[in-house]
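Q: what follows is a predicted protein model with its sequence.
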Amino acid sequence: MSGWRAREVRSFRNAWAGLTEALRTERHMRFHSVAALVVVALALWLNVDRRDWLWLLLAIAAVWSAELVNTAIERTVDRISTDVHPLAKTAKDSAAAAVLVMAIFAAAVGAIVLGPPLWRVLF
Ligand SMILES: Nc1ncnc2c1ncn2[C@@H]1O[C@H](COP(=O)(O)OP(=O)(O)OP(=O)(O)O)[C@@H](O)[C@H]1O
């Protein structure tokens, strides 16, 4: 394998390790994963169109990315110091707020895309 390809494979492995570590240790990450599986199952069942799939996949990726960055910030703050400090609080609370913003966006996308067809099927 060329040096460039070996480096790319190593980078991919490191990123994969970050994802599996977050899934293993972060309760919220597991919750987001279950929610994503439910959304994908509903979208398949309701046979949503290609454009709606893009919105759903964007929402899932946005929440996962925000949660992973939140985890990175939490770990970095704790690595620097576990002392209670207002700046540590602001850093962690802001990172958590980023997840909240993305989760609200994802909930809105889910309601807009899945709500009407689900309503038609159920009622
Ligand atoms: N070093 C600190 N100094 C001041 N406040 C902190 C500090 N560490 C955490 N906090 C406060 O406690 C909250 C929870 O922090 P913690 O590190 O326990 O995250 P968490 O609850 O484990 O988050 P998650 O559930 O997403 O993993 C933070 O959002 C922040 O308000």
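A: Alright, I've got the coordinates.
Q: all contacts plus neighbour counts: C-alpha atoms, from now on.
A: OK.
Q: could you pull up phi and psi at residue 48?
A: phi -70, psi 160 (degrees, to the nearest 10).
Q: ok, it to the ligand distance?
A: Distance of residue 48 to the ligand, given as C-alpha to the nearest ligand atom, to the nearest Å: 32 Å.
Q: same thing with residue 73?
A: Counting by C-alpha to the nearest ligand atom, the gap from residue 73 to the ligand is 9 Å.
Q: and residue 54, by the same measure?
A: Counting by C-alpha to the nearest ligand atom, the gap from residue 54 to the ligand is 27 Å.
Q: can you pull the contacts of the spatially closest residue to residue 105 that is not a sequence neighbour?
A: Taking C-alpha to C-alpha, 6 or more residues apart in numbering as the measure, residue 105 lies nearest to residue 59, with 7.0 Å between them; neighbours along the chain are not counted. Residue 59 makes contact with 102, 105-106, 109, according to C-alpha atoms under 8 Å, 6 or more residues apart in numbering.
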